[in-house]
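1. Sequence plus predicted model, see below.
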Amino acid sequence: MQPVADSREIALILEAPDKPVMVEGDKGKLGQVFNNLLSNAVKFNHNGGAVTIRIHPTEDSVECAVIDTGIGIPPEALDKIFTRFYQYDSSSTRKYGGTGIGLSITQDIVRLHGSRVTVSSEVGKGSTFRFTLARMVPRREGSGAAHPDAALPAETHLLIELLTQDRALSNQIRALLVPEGMDVIHAVSAAHAVSLLGKHRPDCLLVDMGSFGEETAALDELLAQMPRPGIPVIIATNDDRLYEQYRASVAARIKRSFRKSSLLSGIHYALSKDLFTNGELGNGILCVEDDPEILLFIRRCLEAEGYTVDEATSGEEGLRMAARRDFSVVLLDVAMPGMDGWEACRLLKSDPTLRGIKVYMVTAKPMDSKHARSPEAQPDGFLLKPFHPEDLLELIRSIDAIQPIQEA
């Protein structure tokens, strides 16, 4: 945002600790959060104004704030600005551009990280957007106790292999990924790509389908010679039909007209997705919840859309049912009598027979960072109560592994 801010003499001010602060989260998605908030803070600011990004670590979390000196938001709009497509400058003489989905996407991402974006504003004086992230405190070697002064983990570089005949695209991707701690190797043919796969064992393979015209032979050759367990394959294509054709064989897809955030998100999604599991999991959804009203609400929402839903009222019962391998997704209440949701999540995620199962924590409170830092209890996301039917359905529809039953 610096060039845009400079063009309007808007000062960008960062108030943060001198040393890096490690948090739990998806790097690409969190980058999108800050990009959206900063974009709005500059767009709706006065020439010569200021935008402050404040990062304040506490023992277990990091408080983030983006503060601007702009036009502000009227009180009647504060509860609507996170609604998709809502624009509070929606008169016929709109001054500011945009589609009205940026803040909605920002809220969705932050909610999946266990927090929520809040806003305070005064018309004519500016706005402040706040949220928190769970802090990752490394453990001292040989000790079970976490300490905030422990050394940061060593940086790990990902190796991305790119198959494309478009030299400009190769240079563009390299310029975007190298600053993010990723190395890029480039192949120009399927045979070359297979050779590099065996030699370097990259973390994932990005195949540019657009540079091969309508030919799919290169991708077919790669998939046929892919070692198992496979290296995740991402295809770059604008052709929806082509993606549907290969959807079961690839880990992710990005459009060729990608932005940096979508490229990073596609890579992180592919690296976290289990394509090759110990046998297929079922197509069902298991809801583990001790509140019968919430169970009924979730069942009605999902079954109305054709999904198969089973219920368990305790963590122990949920584990017994999940062992049948009938479910690809578990909606897991955090606060339950007996075994709580965190312990149930840890047991589900550490069970090798359930490799690839998706676990989403359903909670009325922001993520408990103490549990979230445990590597054995890492859920795939969060659903904050109270939630609307569309929140639940949007979450389930985003999971490729599960599809509704189509009526005849």
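-> Looks like it came in fine. Computed from a predicted model, the values in this text were never measured in an experiment.
2. Any buried residues in stretch 159-178, and which?
-> Across stretch 159-178, burial judged by 16 or more other Cβ atoms under 10 Å covers 160-164, 166, 169-170, 173-174, 176-177. No exception for glycine: its C-beta is placed from N, CA and C like everyone else's.
3. Turn those residues into a markdown table, columns for secondary structure, distance to residue 29 and pLDDT.
-> Below are those laid out as a markdown table (DSSP: H, G, I helix; E, B strand; the rest coil; distance: Cβ to Cβ, whole Å; pLDDT from 0 to 100):
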| residue | secondary structure | distance to residue 29 | pLDDT |
| --- | --- | --- | --- |
| 160 | strand | 18 | 91 |
| 161 | strand | 23 | 92 |
| 162 | strand | 22 | 94 |
| 163 | strand | 26 | 93 |
| 164 | coil | 25 | 92 |
| 166 | coil | 27 | 90 |
| 169 | helix | 23 | 91 |
| 170 | helix | 25 | 91 |
| 173 | helix | 19 | 92 |
| 174 | helix | 22 | 90 |
| 176 | helix | 16 | 90 |
| 177 | helix | 16 | 88 |
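4. Kindly reformat these as JSON lines and extend each row with distance to residue 79.
-> Putting these into JSON lines (distance: Cβ to Cβ, whole Å) gives the following:
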{"residue": "160", "distance to residue 79": "42"}
{"residue": "161", "distance to residue 79": "47"}
{"residue": "162", "distance to residue 79": "45"}
{"residue": "163", "distance to residue 79": "48"}
{"residue": "164", "distance to residue 79": "46"}
{"residue": "166", "distance to residue 79": "46"}
{"residue": "169", "distance to residue 79": "43"}
{"residue": "170", "distance to residue 79": "46"}
{"residue": "173", "distance to residue 79": "41"}
{"residue": "174", "distance to residue 79": "44"}
{"residue": "176", "distance to residue 79": "37"}
{"residue": "177", "distance to residue 79": "39"}
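5. ok, which pair from those is furthest apart?
-> 163 and 176 (16.8 Å; Cβ to Cβ).
6. returning to what we had before: so which of the buried residues of stretch 159-178 is the closest to residue 103?
-> Nearest to residue 103 among these is residue 176, at 24.7 Å by Cβ to Cβ.
7. mind showing which ranges of the stretch 251-400 of the chain have poor pLDDT?
-> Within the stretch 251-400 of the chain, the stretches with pLDDT under 70 are 272-280, 352, 365-377, 400.
8. the helices in it, which residues?
-> Taking DSSP state H, counting those that start in this stretch to define them, one finds helices in the stretch 251-400 of the chain at 260-272, 292-303, 315-322, 341-349, 369-372, 389-397.
9. quick one, which of those is packed in tightest?
-> helix 341-349 (a mean of 22; mean count of other Cβ atoms under 10 Å).
10. If you count contacts, what does it end up packed against?
-> helix 315-322, strand 327-333, strand 358-363 (3 or more Cβ pairs under 8 Å, 6 or more residues apart in numbering; DSSP states H and E).
11. Mind putting the ones you listed into JSON lines with distance to residue 386?
-> Formatted as JSON lines, these follow (distance: least, Cβ to Cβ, whole Å):
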{"stretch": "helix 315-322", "distance to residue 386": "22"}
{"stretch": "strand 327-333", "distance to residue 386": "13"}
{"stretch": "strand 358-363", "distance to residue 386": "11"}
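12. about what we covered before: reformat the helices of the stretch 251-400 of the chain as TSV; add distance to residue 119.
-> Formatted as TSV, the helices of the stretch 251-400 of the chain follow (distance: least, Cβ to Cβ, whole Å):
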stretch	distance to residue 119
helix 260-272	22
helix 292-303	28
helix 315-322	36
helix 341-349	29
helix 369-372	23
helix 389-397	19
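13. nearest to residue 248, of those helices?
-> helix 260-272 (14.3 Å).
14. and the helix or strand encompassing residue 242, what other elements does it pack with?
-> Using DSSP states H and E, residue 242 maps to helix 240-246. Applying 3+ Cβ pairs under 8 Å, 6+ apart, one finds that helix 240-246 contacts strand 233-236.
15. who touches the strand it packs on?
-> Defining contact as Cβ atoms under 8 Å, 6 or more residues apart in numbering, one finds that strand 233-236 is touched by 164, 204-210, 219, 222-223, 226, 242-243, 246, 249-256, 258, 266-267, 270.
16. Let's see that with 6 Å instead.
-> The contact list for strand 233-236 (Cβ atoms under 6 Å, 6 or more residues apart in numbering) reads 205-209, 250-254, 256, 266, 270.
17. Output the longest helix belonging to this structure.
-> When the chain is parsed with DSSP state H, its longest helix is helix 27-43.
18. How far off centre is that helix?
-> Relative to the centre of its chain, helix 27-43 is centred 14 Å away, using Cα atoms, centre = their mean, to the nearest Å.
19. Can you give me the distance of residue 168 to residue 235?
-> Taking Cβ to Cβ, to the nearest Å as the measure, residue 168 falls 19 Å from residue 235.
20. again, but for residue 329
-> 25 Å.
21. ok, now residue 80?
-> For residue 80, the distance to residue 235 - Cβ to Cβ - is 38 Å.
22. between these two, who's got more neighbours?
-> residue 235 (26 against 12; other Cβ atoms under 10 Å).
23. Dig out what that one forms beta bridges with.
-> Residue 235 forms beta bridges with residue 207, residue 253, as assigned by DSSP bridges.
24. Check what pLDDT it gets.
-> Model confidence at residue 235, expressed as pLDDT, equals 92.
25. What of the one 3 residues further on?
-> On the pLDDT scale, residue 238 is placed at 88.
26. since we're on it, how many residues are nearby?
-> 14.
27. That one should be in a strand, yeah?
-> No - Residue 238 is assigned coil when assessed by DSSP: H, G, I helix; E, B strand; the rest coil, not a strand.
28. which residues does it contact?
-> Contacts of residue 238 (Cβ under 6 Å, 6+ apart): 255-256.
29. Residue 168 versus that one, what's the distance?
-> From residue 238 across to residue 168, the span is 16 Å (Cβ to Cβ).
30. now residue 357
-> For residue 357, the distance to residue 168 - Cβ to Cβ - is 41 Å.
31. Next, the angle from the one helix or strand residue 127 maps to to helix 27-43.
-> For residue 127, the host element (DSSP H and E) is strand 126-134. Angle of strand 126-134 versus helix 27-43, following axes from the mean of the first three to the mean of the last three Cα atoms, to 10 degrees, is 170 degrees.
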